[in-house]
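In: build me a model:
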Amino acid sequence: MEVNWPERFYCRSFVRKIAQWREVRYFRATRPIPAGAKVLEIGCGDGGGAGIFTRAFAPSLYHGLDVDPAMVRIAARRPKKGSLANSAFVLGDAERLPYPDAAFDAVVNFGIIHHLPDWRRGVEEVARVLRPGGTFYFEEIYPPLYANPVFRVMLAHPRENRFHGPEFREALYAAGLSLLPGFHESSLFILAVAVKTARP
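Out: Down below sits the predicted model:
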């Protein structure tokens, strides 16, 4: 599901980039990725998060995927130098990732799964494209933040089949994604790192 203009404005703002810098510092402190890692970001937007993540982790390959053609075009125009030298931005749906199984060492999600009508399938797709032992870096928000009386009329989000913390953590576990200790969670959001293990 594409975001609407107020959320697109926020996602491209300096405030959002500061938040992403802080999140990436937490990701790196919690679990570095191996040299030469291949990384996928779902819901890459304008590519700002890609620049932040690649500077911190220096992967050998970075793919950013988004369902919004306008955002993919903006991201693709970023100069392919420095940390983004080995990056590509593609049009695609996070519920149906156009990649084979175990294609990536890490998947990054800066708050996109709550936009998916079938969010459980999105979690399963993340696990599918991760290699065994691969890392899922993510920040997600819960309905009290985006579906309160004010933001409910301002922002475009699916209204049915939404998740709070227990449902989201259960879906991660069912997909074979184990949360690492030290994750941050409240009634509004979760910031965490998970590792792909065998399905229970």
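In: and V107, that one's in a helix?
Out: No: counting by DSSP: H, G, I helix; E, B strand; the rest coil, V107 is not part of a helix but strand.
In: I figured it was touching E125, is that so?
Out: No: the criterion here is Cβ atoms under 8 Å, and V107 misses it with E125 at 9.0 Å. From N, CA and C alone the C-beta is placed, and that goes for glycine too.
In: ok, those two, which is more surrounded?
Out: Using other Cβ atoms under 10 Å as the criterion, V107 and E125 rank with V107 on top: 28 against 22.
In: could you give the separation of the helix or strand hosting L65 from the chain centroid?
Out: Taking DSSP states H and E as the criterion, L65 maps to strand 61-66. Distance of strand 61-66 from the chain centroid (Cα atoms, centre = their mean, to the nearest Å) equals 11 Å.
In: mind listing what's buried in stretch 127-147?
Out: 127-130, 134-143, 145-147 (16 or more other Cβ atoms under 10 Å).
In: count of neighbours near P166?
Out: Quick note: P166 (other Cβ under 10 Å) scores 8 neighbours.
In: for the record, mean pLDDT for the longest helix along the chain?
Out: Looking across the chain with DSSP state H, the single longest helix is helix 14-30. For helix 14-30, the mean pLDDT works out to 92.
In: can you give me the helices in this structure?
Out: 5-11, 14-30, 48-57, 69-76, 119-129, 143-146, 151-154, 165-174.
In: out of those, nearest to S187?
Out: helix 143-146 (5.4 Å; Cβ to Cβ).
In: what lines up beside the strand holding L65 in the sheet?
Out: The strands that strand 61-66 pairs with in its sheet are strand 38-42 (parallel), strand 87-91 (parallel) (by DSSP bridges).
In: which of the ones you listed is buried the deepest?
Out: The highest mean neighbour count among those, using mean count of other Cβ atoms under 10 Å, belongs to strand 38-42: a mean of 25.
In: chain center to that strand: distance?
Out: 8 Å.
In: same check on stretch 38-54?
Out: Worked out by Cα atoms, centre = their mean, stretch 38-54 lies 8 Å from the chain centre.
In: what pLDDT, on average, does it get?
Out: Here the average pLDDT along stretch 38-54 is 95.
In: contacts only, for N86.
Out: Shown in contact with N86 (Cβ atoms under 8 Å, 6 or more residues apart in numbering): P59, S60, L61, Y62.
In: ok, now with 10 Å
Out: K38, V39, T54, A58, P59, S60, L61, Y62, H63, K80 (Cβ atoms under 10 Å, 6 or more residues apart in numbering).
In: re the thing from before, output the contacting helices and strands for the longest helix of the chain.
Out: helix 5-11, helix 48-57, strand 104-110, strand 130-141, strand 189-196 (3 or more Cβ pairs under 10 Å, 6 or more residues apart in numbering; DSSP states H and E).
In: return the most buried member of those.
Out: strand 104-110 comes out most buried of the helices and strands packed on helix 14-30 by mean count of other Cβ under 10 Å, with a mean of 25.
In: got the angle for that strand vs strand 38-42?
Out: 30 degrees (axes from the mean of the first three to the mean of the last three Cα atoms, to 10 degrees).
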